[in-house]
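Novice: Okay, predicted coordinates and the sequence, questions at the end:
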Amino acid sequence: MTIDEVAAPAVRTRPRRPRLVTAEFVLLLGSALGFFLALGATLPVLPLFVSQHLGGGDVAVGVAVGVVAASALGIRPVGTPRIATWGHQRILLLSLLAGALSLAAHGLTTTLWQLIALRLVTGAATAMVFVAALTRVMATVPADRRGTAVSYFSVAPYLGMGFGPVVGRPCYEALGPVGAFAVAGGIALLGVPLLLFVPNVRTAPAAGPAGPRISRAALAPGTVLGLGILGMIGMSAFLALYVAELDPGASPEWIFLTYAGVVLVARVLGGPLTDRIGGLRTGTFSSVFIVAGLAGFTVAPAVSWLYGSAVVFGIGMALQYPGLLALTVNRVPARERDAAVSTFTMFFDLAAGVGGLLLGAVAAVGGYRSAFGACAACSLAGLVVLWTLVRAGEPAGPER
C-alpha cells in the first residue's frame, strides 16, 4: 500500500466547512446597507431641519429622532410571523419601498406632527428590513459561526450611520432639506434591484405549538444592548449640535466617518471573536469600551477630543451587538429563532424611542455633556446586567 493510498481516506472524510459569505449573503447585505446609508444621510440633517425649519428645540429633536421606535416596536409582533409565511424577499421589498418614500417626503413637511407621521413609517420599515434580512442570514449559517455572520452582516446599520452623514450634510447645504431628504430616499431604493436576485424563501408552519412572539431568552441580553445603544442614539441626535457648540466651524460628518471606519475594521478583524471567546466575554469587553468612549464625549474640551472618543466608542459598538445576538440565538431552539432575533433587536428600537425622549430632556436641562454622561451611566448599568442576569442564565460548560 502506497503513502497516497493511506492518506486518501483521511482526505475524503474531512468535512467541508459550509461557506459563510454566499451570493445571497452579499445581496442581502447590499440591500440593507443601501437602506441604512439612506438613514445615515439623515442623521446630521434631521436635527438641523427640526431646529432651523420647523422651529423645534432639543426636546423636539429628541422626539423626531426617537419616535421611529414606536412603530418599530408595534410592527414586530405583527410583522415577524409574516416573514415566514410571506417570505423574506417580499417583506424586504415592501419595507424598502415604504422606507424610501417616507424618507424622501421628510423635507416636504411643514410641522413637527407631519414629520412624526413619516418617521413612524420609517421606523416600521427599518425594523422589518433588518429583522427579515438578519433572520434569513441566521438560518443559512452554521451554528458555530453565527457570531462571525452577525458581525459581518450588521456592518450595514453601523456603516450607514457613519458614511451616510458624509453624503447627507453636503446635500443639505447644497440642496436644502427637500433635496437632501430626496437623495436619502433615492439611496434607500438602491437595494431593490439586488433583492430581485434573492429567492423568496417561505417557511412552512412547524408541527406542534407555534413559537412565541416574544423570546424570554432575549430579554436580558436585549436590555444590555438597549442600554449600550443609548450612546449611539445620543451621538445621532446631538453630536452635530455638540460640535457646533464646541467649534461652530467644525464639520461633524468627519467624526461620523471616523466612527464608521473603526466599526468596519473592528467588525472585519473581530468578526470571529465571539465564536472564539463566547458572547459573554465579548459583551463585557465591548461594554467597557462603550462606557470609556461615552465618558470621553462627556468631558471633551475640544472637537479633536471627540475623534479619539469616537474610536474607543466605535470598537465597543462594533463588538457588542454580534456578541450578544449570537449568545441569544444559541440559547433558543430553531422554531424560536425569528422571535429571538426580533425580541433582541426590539431593544434597539426601544432605546431609540425612550432614549431619544429622555436624552432630549436631559440635553434641554443640562446641555449636551449631561446627555452623553447619562449615556455613559446607562452603559455602565448594562455591564452590571450582563454580569448578573445574563451570566446567571448561561448554561454550565463552555460558554457560548
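Specialist: Done, it's in.

Novice: mind showing which ranges of the protein have poor pLDDT?
Specialist: With pLDDT under 70 as the threshold, the chain has low-confidence stretches at 1-19, 143-144, 146, 158, 161-162, 203-212, 353, 390-400.

Novice: At the geometric centre of it, which residue sits there?
Specialist: Per C-alpha atoms, centre = their mean, the C-alpha nearest to the average position across the chain is that of residue 157, at 4.7 Å.

Novice: Could you give me the buried positions within the strand or helix carrying that one?
Specialist: Residue 157 is part of helix 155-188, with elements assigned from DSSP states H and E. If you call a residue buried by 16 or more other C-beta atoms under 10 Å, then helix 155-188 has these buried ones: 155-172, 177-178, 180-185, 187-188. C-beta coordinates here come from the backbone N, C-alpha and C atoms, glycine included.

Novice: again, but for stretch 329-344
Specialist: 329-332, 335-344.

Novice: Give me the three-state assignment for residue 110.
Specialist: Using DSSP: H, G, I helix; E, B strand; the rest coil as the criterion, the local structure at residue 110 reads coil.

Novice: From residue 176, how far off is it?
Specialist: For residue 110, the distance to residue 176 equals 14 Å [C-beta to C-beta, to the nearest Å].

Novice: ok, back up a step: my read is that the residue nearest to the centre of the chain contacts residue 129, right?
Specialist: No - in this structure, residue 157 is not within contact of residue 129 by C-beta atoms under 8 Å, at 9.5 Å.

Novice: Now the common contact residues for the two.
Specialist: Common contacts of residue 157 and residue 129 (C-beta atoms under 8 Å, 6 or more residues apart in numbering): residue 32.

Novice: still on that earlier bit, could you list which residues are in contact with the residue nearest to the residue nearest to the centre of the chain when sequence neighbours are not counted?
Specialist: Nearest in space to residue 157, with sequence neighbours left out and distances taken as C-beta to C-beta, 6 or more residues apart in numbering, is residue 36 at 4.5 Å. Contact criterion C-beta under 8 Å, 6+ apart gives 156-157, 159-161, 164 as the residues in contact with residue 36.

Novice: what's the helix holding residue 157 packed up against?
Specialist: Applying 3 or more C-beta pairs under 8 Å, 6 or more residues apart in numbering; DSSP states H and E, one finds that helix 155-188 makes contact with helix 23-41, helix 45-48, helix 88-105, helix 112-140, helix 219-246, helix 253-270.

Novice: Among the buried residues of stretch 329-344, which one lies nearest to residue 254?
Specialist: Comparing those against residue 254 with C-beta to C-beta picks out residue 344 as the nearest, at 31.8 Å.

Novice: Quick check: which element contains the closest one?
Specialist: Residue 344 belongs to helix 337-366 when elements are defined using DSSP H and E.

Novice: okay, whichever helix or strand comes after that helix in PDB with CA atoms only?
Specialist: Read in the C-terminal direction, the helix or strand following helix 337-366 is helix 368-385, with elements assigned using DSSP H and E. Taking only C-alpha atoms (Å, rounded to 0.1, in the frame of the first residue of the first chain), the coordinates of helix 368-385 have been written out as PDB:
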ATOM      1  CA  TYR A 368     -25.100  68.000  25.600                       C
ATOM      2  CA  ARG A 369     -22.400  67.000  28.100                       C
ATOM      3  CA  SER A 370     -25.000  65.900  30.500                       C
ATOM      4  CA  ALA A 371     -26.800  63.800  27.800                       C
ATOM      5  CA  PHE A 372     -23.500  62.000  26.900                       C
ATOM      6  CA  GLY A 373     -22.800  61.500  30.700                       C
ATOM      7  CA  ALA A 374     -26.300  59.900  31.100                       C
ATOM      8  CA  CYS A 375     -25.500  57.600  28.200                       C
ATOM      9  CA  ALA A 376     -22.200  56.500  29.900                       C
ATOM     10  CA  ALA A 377     -24.100  55.800  33.100                       C
ATOM     11  CA  CYS A 378     -26.700  53.700  31.300                       C
ATOM     12  CA  SER A 379     -24.000  51.700  29.500                       C
ATOM     13  CA  LEU A 380     -22.300  51.000  32.900                       C
ATOM     14  CA  ALA A 381     -25.600  49.800  34.200                       C
ATOM     15  CA  GLY A 382     -25.800  47.400  31.200                       C
ATOM     16  CA  LEU A 383     -22.400  46.000  32.200                       C
ATOM     17  CA  VAL A 384     -23.900  45.200  35.600                       C
ATOM     18  CA  VAL A 385     -26.900  43.500  34.000                       C
END
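
Novice: mind listing what the closest residue in space to residue 229 that isn't next to it in sequence touches?
Specialist: Spatial nearest neighbour of residue 229, excluding adjacent residues (C-beta to C-beta, 6+ apart): residue 351 at 4.2 Å. Taking C-beta under 8 Å, 6+ apart, we find residue 351 in contact with 69, 225-227, 229-230, 233.

Novice: Buried only: go through the residues you listed for me.
Specialist: Those of the contacts of residue 351 that meet the buried threshold are 69, 225-227, 229-230, 233, by 16+ other C-beta under 10 Å.

Novice: Pull the number of nearby residues for the closest residue to residue 386 other than its chain neighbours.
Specialist: Taking C-beta to C-beta, 6+ apart, and ignoring the residues beside it in sequence, residue 386 has residue 224 as its nearest neighbour in space, at 4.8 Å. Burial measure for residue 224: 28 neighbouring residues, criterion other C-beta atoms under 10 Å.

Novice: try residue 199
Specialist: Neighbours of residue 199 under the rule other C-beta under 10 Å: 11.

Novice: Then residue 147?
Specialist: Using other C-beta under 10 Å as the criterion, the residues surrounding residue 147 number 30.

Novice: now residue 113
Specialist: Using other C-beta under 10 Å, residue 113 is surrounded by 9 other residues.

Novice: and the angle from the helix holding residue 344 to helix 219-246?
Specialist: Between the direction of helix 337-366 and that of helix 219-246, the angle (axes from the mean of the first three to the mean of the last three C-alpha atoms, to 10 degrees) works out to 40 degrees.

Novice: Thank you, goodbye.
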